[in-house]
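Novice: Turn this into a structure:
(one chain, ligands or ions: 1)
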Amino acid sequence: MQTLSTHMRKELPSLANTVNGYPVAFLDGPGGYQVPQTVIDAVEDYLINANANVEAAFKTSRKTDQMLKDARCTFADFFNCLSNEVVFGANMTTLNFALAQALMREMTVGDKVLITEIDHEGNRAPWEQLRDRGIIVEEVAVDTETCTLDMDDFERKLSPVTKVVAVNYASNAVGTITDVKKIVEMAHSVGAFSIVDAVHYAAHRPINVREIGTDFLFCSAYKFFGPHIGVMYAKKEVLSKLSPMRVRPQKSYPPDMIETGTLHHEGIAGAAAAVDFVADIGAKFGKESKKSAESNDDTRRNLIVASLLAFYEYEEGLTQYLIRELSNIDGIKIYGPPAGHPRTSTVSFTYNGFTPYEVADYLGKRGLFVWHGDFFATRLVERLGLRDQGGLIRVGIAPYNTREELTRLIDSLNDKAALRTFVSTKG
Ligand SMILES: Cc1ncc(COP(=O)(O)O)c(C=O)c1O
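Specialist: Reported below is the predicted structural model:
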């Protein structure tokens, strides 16, 4: 019988790549997933058969209009929202700058925005720039022992002048999952807008915007099998009252009102195919997970939920294996939430005596692709006291990764002599 990962591995052509004779183990998932053939085909098909700008009176343009309509429906199932609450953009960061610009118009000097120390810069910088307009920007502290947000600090800093709370669902640096439902509730209790960055979370658990109640939420399709585009959920009744920057002919209602310029059509076609790929996995491997999904029907929404729950189950076993094995290596220190705290399959650590870059370079030559540095979670890495030491080494486990790949990683990390020789010969 085929397992989830063996099925996946057949579908993703890039997994056949090699480096120095080693098969590549793509353990760089939090930086972006590999893509299935169906996504590549969807991009190609769009460019061959539908390549046009929107709303013209000929076939390819009409196909483009339909593709965009369908893609919004696909992402509505991904988020559990309406299709006109789905906004496409270049990437999460660019969309968030546009949103910050729009929300700035709802604020006056002395109003407050709350960001956090655990967030990626993509959910900090757009809000930090509002300081130039007299807005007070405060950070919710991270507890550096547990790599979790300090909720008491959040409660202390939340006040009637807070107009925006921007927080991530899961940390792309250390994997911590945050209780955003609670944060959204608290933000709304003082009348603030809520912004959830689900860019890292989206690959690892189902998103239900209705359940968490947020006003805005972001993901990026390239983090879950798609091309490089960003997608935003924007609550219709909230977005429709805003005045984002736009050009005169642009529509003045959601979702188009915040989508400036021509969209990345082929990327959107690929992104929708990525969600369908996820749903297809749910149909094939989500039987057990479907029991805990929202309903037992084979709707695309339900299959997406079942699939993501199946990913979670698969990744969780490998994550525990990786954490256990890394903990046994002398000199390795793991940074992340304590056992039992909700987390993703992203595991970060330092290795005494070696910089993160040296370790990643050594592993990369052996076909083990891991990230090093701060991954734009610059503030968190700074608060962990690791900025001057080159940050962290980050291993991300995707559903297409295997236990064998992790064993190769552990063996290479255990081979300190080889690592030392590699570093000394490079110097
Ligand atoms: C948690 C998180 N937020 C935001 C971003 C920025 O996303 P984008 O590259 O789509 O701007 C990333 C990218 O790594 C991320 O991991």
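Novice: ok, Gly21 to Arg366 distance?
Specialist: Distance, Gly21 to Arg366, using C-beta to C-beta, to the nearest Å: 10 Å. C-beta here means a position set from N, CA and C on the backbone, and glycine is covered the same way.
Novice: and those two? which has more neighbours close in?
Specialist: Arg366 (20 against 7; other C-beta atoms under 10 Å).
Novice: Around the ligand, which positions in the stretch 101-250 of the chain sit nearby?
Specialist: Counting by C-beta under 6 Å from any ligand atom, the residues of the stretch 101-250 of the chain close to the ligand are His120, Gly122, Asn123, Asn168, Asn172, Asp197, Val199, His200, Ser220, Gly230.
Novice: Make TSV out of those residues and add pLDDT, neighbour count and secondary structure.
Specialist: Listed next are these as TSV, based on pLDDT from 0 to 100; neighbours: other C-beta atoms under 10 Å; DSSP: H, G, I helix; E, B strand; the rest coil:
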residue	pLDDT	neighbour count	secondary structure
His120	98	24	coil
Gly122	98	23	helix
Asn123	98	24	helix
Asn168	98	29	strand
Asn172	98	28	coil
Asp197	98	30	strand
Val199	98	28	coil
His200	98	27	coil
Ser220	98	28	strand
Gly230	98	25	strand
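Novice: Buried residues in stretch 129-139, which are they?
Specialist: Across stretch 129-139, burial judged by 16 or more other C-beta atoms under 10 Å covers Leu130, Ile135, Ile136, Val137, Glu138, Glu139.
Novice: Model confidence for Gln2, exactly?
Specialist: With respect to pLDDT, Gln2 scores 77.
Novice: Confirm that it sits in a helix.
Specialist: No. Using DSSP: H, G, I helix; E, B strand; the rest coil, the assignment for Gln2 is coil, not a helix.
Novice: Neighbours of it, how many?
Specialist: 11.
Novice: Please apply the same query to Glu185.
Specialist: The burial count for Glu185: 14, using other C-beta under 10 Å.
Novice: can you pull the contacts of the closest residue to the ligand within the stretch 251-400 of the chain?
Specialist: Proximity of the stretch 251-400 of the chain to the ligand (C-beta to the nearest ligand atom) peaks at Phe376, 6.0 Å away. Contacts here follow C-beta atoms under 8 Å, 6 or more residues apart in numbering; on that basis Phe376 touches His120, Glu121, Gly122, Asn172.
Novice: separation between it and Arg124?
Specialist: Taking C-beta to C-beta, one finds Phe376 at 9 Å from Arg124.
Novice: cool, Val199 as well?
Specialist: Taking C-beta to C-beta, one finds Val199 at 13 Å from Arg124.
Novice: Leu406 too?
Specialist: Counting by C-beta to C-beta, the gap from Leu406 to Arg124 is 32 Å.
Novice: for the stretch 301-427 of the chain, what spans make up the strands?
Specialist: Under the criterion DSSP state E, counting those that start in this stretch, strands of the stretch 301-427 of the chain are mapped to 332-335, 346-351, 368-369, 371-373, 392-396.
Novice: Buried deepest among those strands, which one?
Specialist: For the strands of the stretch 301-427 of the chain, the largest average neighbour count (mean count of other C-beta atoms under 10 Å) is found in strand 392-396, namely a mean of 28.
Novice: what does it rub up against?
Specialist: Outside strand 392-396, the residues that reach it (C-beta under 8 Å, 6+ apart) are 27-31, 173-174, 322, 335, 345-351, 356, 359-360, 370-375, 381, 384, 386, 409.
Novice: what does stretch 170-179 give?
Specialist: For stretch 170-179, using C-beta under 8 Å, 6+ apart, the contacting residues are 30, 118-120, 147-149, 167-169, 198-201, 204-205, 335-337, 341-348, 374-377, 380-381, 392, 394.
Novice: Wait, Asp70 touches Ala272, no?
Specialist: Yes. Asp70 sits in contact with Ala272 when judged by C-beta atoms under 8 Å, with a separation of 6.5 Å.
Novice: More neighbours: which of those two?
Specialist: The neighbour comparison of Asp70 against Ala272 (other C-beta under 10 Å) goes to Ala272, with 24 against 14.
Novice: Look at that one and report its pLDDT.
Specialist: You'll see Ala272 listed with a pLDDT of 98.
Novice: same check, this time on Phe285
Specialist: With respect to pLDDT, Phe285 has a value of 89.
Novice: any idea how far Lys10 lies from Asn172?
Specialist: For Lys10, the distance to Asn172 equals 28 Å [C-beta to C-beta].
Novice: show me what contacts Asp374?
Specialist: With contacts taken as C-beta under 8 Å, 6+ apart, Asp374 has the following neighbours: Ala173, Leu380, Val381, Glu382, Leu386, Arg387, Gly391, Leu392.
Novice: neighbours around the closest residue in space to His204 that isn't next to it in sequence, how many?
Specialist: Nearest residue to His204 in three dimensions, chain neighbours excluded: Thr344, at 4.3 Å (C-beta to C-beta, 6 or more residues apart in numbering). By other C-beta under 10 Å, the residues close to Thr344 number 28.
Novice: right, and Thr344 touches His200 too?
Specialist: Yes. The criterion here is C-beta under 8 Å, and Thr344 meets it with His200 at 6.5 Å.
Novice: buried set for stretch 205-225?
Specialist: Buried, per 16+ other C-beta under 10 Å, within stretch 205-225: 205-207, 209, 212-225.
Novice: Can you flag which of the residues you listed belong to strands?
Specialist: Phe216, Leu217, Phe218, Cys219, Ser220 (DSSP state E).
Novice: and which of those residues is nearest Asp111?
Specialist: Of all those, Asp111 sits closest to Phe216, with 17.2 Å by C-beta to C-beta.
Novice: Name the nearest residue to the closest one, ignoring sequence neighbours.
Specialist: Ile195 (4.8 Å).
Novice: How about Glu121?
Specialist: Nearest non-adjacent residue to Glu121, counting by C-beta to C-beta, 6+ apart: Phe376, 4.6 Å away.
Novice: repeat for Arg62
Specialist: Ala56 (7.8 Å).
Novice: tell me the phi and psi of that neighbour?
Specialist: phi -100, psi 170 (degrees, to the nearest 10).
Novice: what's the answer for the one 3 residues further on, then?
Specialist: Note on Lys59: backbone dihedrals following degrees, to the nearest 10 are phi -60, psi -50.
Novice: Please report how far it lies from Ala52.
Specialist: Per C-beta to C-beta, Lys59 is found 8 Å from Ala52.
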